[in-house]
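**Student:** Predicted coordinates and the sequence they were generated for:
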Amino acid sequence: MIIRSIASLVLGIFCIQTLCAQNPDIVIPIPAEVIMSKGNYSYNKDPEIKVTYMRTGMREEEYELSITPKGVKIKAATPAGAFYAMQTLNQITCDGTVKEIRCCTIKDSPRFPYRGLHVDVSRHFRSVEFLKKQMDAMARFKMNRMHLHLTDAAGWRLEIKAYPKLTSIAAWRPQKTWKEWWNGQRLYAEEGTEGAYGGYYTQEDIKELLEYAQDRHIEIIPEIEMPSHSEEVLAAYPELGCSGTAYKDSEFCVGNEESFRFLETVLTEVMDIFPSKYIHIGGDEAGKEHWKNCVKCQQRMKDEGLGNVDELQSYMIRRMERFVNSKGRRIIGWDEILDGGLAPDATVMSWRGTEGGIEAMNLGHDVIMSPGRYCYLDHTQDAPFKEPESIGGYLPLDSVYVYEPLESSIPSDKSHHLLGVQANLWSEYVVSDSHAEYMYWPRAIAIAETGWSQKERKNLVDFRRRVLPALEHLRTKGYQTFDLANEYGERKLAQTGLEHLAKGKKVIYNKPIQQWYPAAGETTFTDGIIGGWTYSDNRWQGFLSDIDITIDLEDIQSINYIGGTFMQLKGPGVFMPEKVDILISEDGEEFEHIGTIWNDIPTTAEELLFKSFDTICKTKARYIRYHAYRSTMRGFLFLDEVVVN
Ligand SMILES: [Zn+2]
């Protein structure tokens, strides 16, 4: 009797535990292969783990994790592989808090070798602790490169012993926020003066960070910007700019040998500290205007037989590449380094889109994809009215997740040049560390899965299921993540579309469609598709003129409502129309004016705003003319649909 009770009790516990045993289907990034087997593995304190290093047959970051009733076995070729097996196990066991797990074998390896996270420490300095904390999260999701944007106009962030003014002056500014600084005089301040805001990493700080990174199989890639985004350097060392005057230049003078001496000295110190294979040399957004009127730059172009300033930039990048190569390292540059001819060994980080990256691959260069449309986490991740101030745009988790870096136009014999993907967070509007965390997580996890998991294993619905507990975990560890469970999402009408009388009807453009934001072309205003939170979603048609259209309803209809919604976003120069005139006609010849709607939104409003310019009527017509007058502020008009009911 007693024996039977004990047996049933044991059996009962077993059954309950079977129900509770953790399933491996919560792992992010989703593994290449999961083979379930019978039984569970339970343990008291820590799971028993046996690691075997395989001499052959496994790739660098590959691992095999077997959970058996007796314990956990890990096979890998390298410590990185074993480390990733442990990350997977930590996720399944919730860091050892779940004491019973389902038996299975997981065979896993990354799709791409490069899975990066970019941190802009120039616009707002980030603490060493912050960087370490982000590396913990990166490691958990098998990201392996941290790109540190160490230098930019807003502040130089790395101690360089040969050039102390980089950190005694160029690392500090009078204003805390980038926005106040940018909208002001853009001055720098002496370290230690009252109210000086900023900071920098000492070389000792970097050593500490590098050790921390190494333990997590993360490589830190330093970026030193050149030739542009260098206002802070040229304020501290004005002799390196074309004008020779502080606060005048943003680019190094390429005609001046001193510029090269500076950059080589800086890069030598950088390479002495950072062991990374790659050194990022920037190369983006150079205006190149000063070069056109600089005697030294013009002389350089003559001496080197350079036809234009693009080639002058290319000369500089090539020369710096030779220097970096001579130290056994390689350069990465933003896709502008393609202009004027690509340096022979350079790896391209494609940000303005993917075209530059694809062009570089076709030229036989390695590429990291980080197109703004999918990978720029500085865009707002939810409905703008509920989010903190950002640079604008709308990039929710789903839009990040659906990015497929290996586009069909990439020839198969070039695809091996695609090293991977990177999440970028530019921090102009991201002042605090906690705001930065909020912008990274969960969107960086989506990029982690795109970088690691096989394309056919990815699934948005399943990812959203798995990412919720992952975020919960991060929050228990003190991360300020975005609250995905309470995501508002896209504009409601943009999600559903709209049925109305003009849907599918022909639109006559009295002023032609313009090239910049054509959306769906001539069907845009009557396709029933309502625009979302951003004008770059291909649903809003943009004009630098009036919008003046006539819709043909094909026969005379009863009409009660005519209206269209415009957007205003002051930053990039998008404004409401000054007014909208609405006219109707039965024959398309004689039009009757039935309403004028005036704008009442102030052009000074900072936030994203929408306004419907509409009229309620009781009439009959076949033709509707909708004429929006461009704002006196000039700028763009954006309209998504003209709704008729
Ligand atoms: Zn010059």
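**Tutor:** Structure's in. What do you need?
**Student:** Identify the residue nearest the most centrally placed residue in the chain in space, chain neighbours excluded?
**Tutor:** Nearest residue to the geometric centre of the chain (CA atoms, centre = their mean): Y376, 1.8 Å. Distances taken as CB to CB, 6 or more residues apart in numbering place N424 nearest to Y376, at 5.4 Å, with adjacent residues excluded. Placement of C-beta: from N, CA and C, glycine included.
**Student:** ok now the helix or strand harbouring that neighbour, how far from the chain's centre?
**Tutor:** Using DSSP states H and E, N424 sits in strand 418-425. From the chain centre to the centre of strand 418-425 is a distance of 8 Å (CA atoms, centre = their mean, to the nearest Å).
**Student:** Next secondary structure after that strand?
**Tutor:** Following strand 418-425 in sequence order, the next helix or strand is helix 433-440 (DSSP H and E).
**Student:** Determine the set of other helices and strands touching that next one.
**Tutor:** For helix 433-440, the packing partners by 3 or more CB pairs under 8 Å, 6 or more residues apart in numbering; DSSP states H and E come out as helix 128-140, strand 418-425.
**Student:** quick check: angle from the last one to helix 433-440?
**Tutor:** Taking axes from the mean of the first three to the mean of the last three CA atoms, to 10 degrees, one finds strand 418-425 and helix 433-440 inclined to each other by 140 degrees.
**Student:** all strands in the stretch 251-400 of the chain, in order from the N-terminus.
**Tutor:** For the stretch 251-400 of the chain, the strands defined by DSSP state E, counting those that start in this stretch occupy 278-282, 330-334, 347-350, 367-369.
**Student:** what's the answer for the stretch 501-645 of the chain, then?
**Tutor:** With DSSP E, counting those that start in this stretch as the criterion, the stretch 501-645 of the chain has strands at 506-509, 541-543, 547-568, 579-585, 592-598, 609-629, 637-644.
**Student:** Which stretch among the ones you listed approaches the ion most closely?
**Tutor:** Taking CB to the ion, strand 541-543 is the member of the strands of the stretch 501-645 of the chain nearest to the ion, at 37.1 Å.
**Student:** Who are the packing partners of that closest one?
**Tutor:** strand 637-644.
**Student:** Pairing partners for the strand it packs on, with directions?
**Tutor:** Counting by DSSP bridges, the strands paired with strand 637-644 are strand 541-543 (antiparallel), strand 547-568 (antiparallel).
**Student:** returning to that earlier point: who's in contact with the residue nearest to Y376?
**Tutor:** Neighbouring residues of N424 by CB atoms under 8 Å, 6 or more residues apart in numbering: H118, D120, H147, W351, S370, C375, Y376, L377, D378.
**Student:** farthest pair in those residues?
**Tutor:** With CB to CB as the measure, no two of the contacts of N424 lie farther apart than H147 and D378, at 14.3 Å.
**Student:** Give the residue from those two that has the larger number of neighbours.
**Tutor:** A side-by-side neighbour count of H147 and D378, using other CB atoms under 10 Å, places H147 first with 26 against 22.
**Student:** Where does that one sit: helix, strand or coil?
**Tutor:** Following DSSP: H, G, I helix; E, B strand; the rest coil, H147 is assigned to strand.
**Student:** before we move on, what about the one 5 residues further on?
**Tutor:** Reducing the assignment at D152 to three states with three-state DSSP gives coil.
**Student:** So which residues on the chain come close to the ion?
**Tutor:** Applying CB under 5 Å from the ion, we find that the chain lies next to the ion at C242, C253, G255, C294, K296, C297.
**Student:** mind running it again at 6 Å?
**Tutor:** C242, C253, V254, G255, W291, C294, K296, C297 (CB under 6 Å from the ion).
**Student:** Show me which of those residues is closest to G489.
**Tutor:** Taking CB to CB as the measure, G489 lies nearest W291 of the residues of the chain next to the ion, at 46.6 Å.
**Student:** Please name the nearest non-neighbouring residue to that closest one.
**Tutor:** Leaving aside its sequence neighbours, W291 sits nearest to C297 (CB to CB, 6+ apart; 4.1 Å).
**Student:** OK, contacts around the one you found?
**Tutor:** The neighbourhood of C297, defined by CB under 8 Å, 6+ apart, consists of C242, C253, V254, G255, H290, W291, V309, L312.
**Student:** Return, as residue ranges, the portions of the protein with sub-threshold pLDDT.
**Tutor:** Applying pLDDT under 70 to the chain flags the ranges 1-20.
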